[in-house]
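Asker: Sequence first, then the predicted structure, then my questions.
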Amino acid sequence: MRGSNVLGIIFANDDDGVLSDITGIRSMASVPFGGGYRLVDFVLSNLVNAGVAKVGVLTNNNYQSLMDHIGSGRPWDLSRKEEGLYLLPPFNQEAVDNYNAGSVGALKNIMQFLEKSKEEYVFLTVCSYVANLDLRQAFNFHERSGADVTLLTCTGNVPRLRDVPLVQTAENGKITKLRIADENDETGTFGIKALMIGKALLQRLIREAFSQGRSSVTRDILLKNADRLNMYSYPIDTFCPVIDGLKGYFAANFALLQPENYDALFRADRPVLTKVYEDMPVVYGLGSDVKNSLIADGCIIDGEVENCILFRECRVEKGAVVKNSVLMPRSFIGENAMLNYCITDKAASVRPGKTLSGADSFPIYIGKEIQI
């Protein structure tokens with residue numbers, strides 16, 4: 001299947017609630033990750049690397065940061081006269097209410113956009129997972145299997161997200177049993193809330209579900225029609241953490257400090273694209289000490305940094321000790337301050353001499369532009 005025959009639809013605000021501290025000022029799609037990226041970068045890059053030329057980003061609120069980041073789509077070669085990148089916010093109060101009701105209402109809002117798109121297939125996805133996926137293979141699997149719907153799945157700890165599908169499959173990948181995960185489910189094969197479906201079928205199912213007051217694509221379309229739809233599972237066999245809370249976000253970032261995970265995510269043959277900032281290289285002062293950390297351009301390190309992810313233009317002053325922490329852009333750590341298991345949002349600052357210590361299961365979060 002040609003990627004150009006697939007329309008990408010990204011839910012930018014889906015699962016905002018699991019990172020409510022960080023998403024209070026931004027969408028899930030624009031959450032910073034890995035020292036120099038946003039979560040939407042991985043989804044967009046997967047689509048573009050597979051040849052998808054038209055992508056719609058469905059968003060409802062807090063999308064200023066997302067607009068600033070994706071712009072016209074130029075970093076992903078989606079700034080075009082035809083096709084390209086489309087930001088799809090609600091256009092009136094009724095559309096806002098539809099989006100708030102769930103994914104069915106959000107898709108109902110863009111029915112005209114779907115009708116005008118020439119692509120035969122749609123790839124629907126959220127931004128709560130991080131992976132470098134060869135979607136060409138997924139597209140070809142969908143076509144070869146003759147599936148109505150193909151769910152991308154992982155096997156492992158079930159994420160604590162809303163409407164996560166749990167599946168059982170036959171040897172050929174055909175889904176024989178589908179249900180929604182509950183709090184008692186710890187491990188299993190689950191959908192990462194990304195799927196392939198024919199456009200005409202999607203339109204029919206959305207109209208039908210919306211007219212019946214349904215709200216969730218997973219619960220009210222896939223599950224309700226499990227016996228009517230020919231559904232298959234496409235297993236993901238690469239590094240693919242699903243972010244289902246602050247602890248999960250913290251763990252997914254720190255997983256990149258393991259070379260095998262970093263190499264699986266950042267591949268030369270399928271590059272992860274993002275908005276590029278021009279900045280100076282990292283400055284390491286005399287007496288600075290950095291171990292096992294990812295440090296972005298523009299940072300100035302005069303203190304000690306160990307097992308950390310630092311975004312651009314962070315400053316760690318002399319005598320400061322920062323361990324096991326994620327510092328978002330322009331974070332400032334004053335002289336002799338000590339941080340352990342902390343997340344600082346953009347332009348947050350810790351005054352000289354302060355000590356903050358959380359745990360890997362409960363990191364301390366410091367909000368944007370907050371001074372401690």
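Answerer: Structure's in. What do you need?
Asker: Counting neighbours, what do you get for residue 129?
Answerer: Using other C-beta atoms under 10 Å, residue 129 has 25 neighbouring residues. Yep, even glycine has a C-beta here, placed from its N, CA and C like the rest.
Asker: Looks like it contacts residue 194 (just checking).
Answerer: Yes. Using C-beta atoms under 8 Å, residue 129 is in contact with residue 194, at 7.4 Å.
Asker: Nearest to the spatial middle of this protein, which residue is it?
Answerer: residue 127 (2.7 Å; C-alpha atoms, centre = their mean).
Asker: Look at it and report its pLDDT.
Answerer: pLDDT, residue 127: 97.
Asker: which residues sit in contact with it?
Answerer: 10-12, 14-15, 27-29, 31, 39-40, 42-43 (C-beta atoms under 8 Å, 6 or more residues apart in numbering).
Asker: Same list, these, but as JSON lines with pLDDT and neighbour count please.
Answerer: Shown next, in JSON lines, are the contacts of residue 127 (pLDDT from 0 to 100; neighbours: other C-beta atoms under 10 Å):
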{"residue": "10", "pLDDT": "98", "neighbour count": "24"}
{"residue": "11", "pLDDT": "96", "neighbour count": "27"}
{"residue": "12", "pLDDT": "95", "neighbour count": "28"}
{"residue": "14", "pLDDT": "91", "neighbour count": "27"}
{"residue": "15", "pLDDT": "91", "neighbour count": "25"}
{"residue": "27", "pLDDT": "95", "neighbour count": "28"}
{"residue": "28", "pLDDT": "96", "neighbour count": "26"}
{"residue": "29", "pLDDT": "96", "neighbour count": "31"}
{"residue": "31", "pLDDT": "96", "neighbour count": "22"}
{"residue": "39", "pLDDT": "97", "neighbour count": "26"}
{"residue": "40", "pLDDT": "97", "neighbour count": "23"}
{"residue": "42", "pLDDT": "98", "neighbour count": "23"}
{"residue": "43", "pLDDT": "97", "neighbour count": "28"}
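Asker: number of nearby residues for the closest residue to residue 303 other than its chain neighbours?
Answerer: Closest residue in space to residue 303, ignoring its immediate chain neighbours: residue 320 at 3.5 Å, by C-beta to C-beta, 6 or more residues apart in numbering. By other C-beta under 10 Å, the residues close to residue 320 number 25.
Asker: Ok, the one 10 residues further on next?
Answerer: By the measure other C-beta under 10 Å, the count of residues near residue 330 is 20.
Asker: so who does it touch?
Answerer: Taking C-beta under 8 Å, 6+ apart as the definition, contacts of residue 330 comprise 312-314, 346-347.
Asker: what's the pLDDT at it?
Answerer: Note on residue 330: pLDDT of 97.
Asker: how about the closest residue to residue 31 other than its chain neighbours, what does it touch?
Answerer: Take residue 31 and drop its neighbours on the chain: the residue closest to it by C-beta to C-beta, 6+ apart is residue 39, 5.0 Å away. Shown in contact with residue 39 (C-beta under 8 Å, 6+ apart): 28-31, 33, 127-128, 130, 243.
Asker: Tabulate those (a markdown table), appending distance to residue 360 and secondary structure.
Answerer: Putting the contacts of residue 39 into a markdown table (distance: C-beta to C-beta, whole Å; DSSP: H, G, I helix; E, B strand; the rest coil) gives the following:
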| residue | distance to residue 360 | secondary structure |
| --- | --- | --- |
| 28 | 22 | helix |
| 29 | 26 | helix |
| 30 | 25 | helix |
| 31 | 19 | coil |
| 33 | 17 | strand |
| 127 | 24 | coil |
| 128 | 20 | coil |
| 130 | 18 | coil |
| 243 | 15 | coil |
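Asker: Cool, thanks, talk later.
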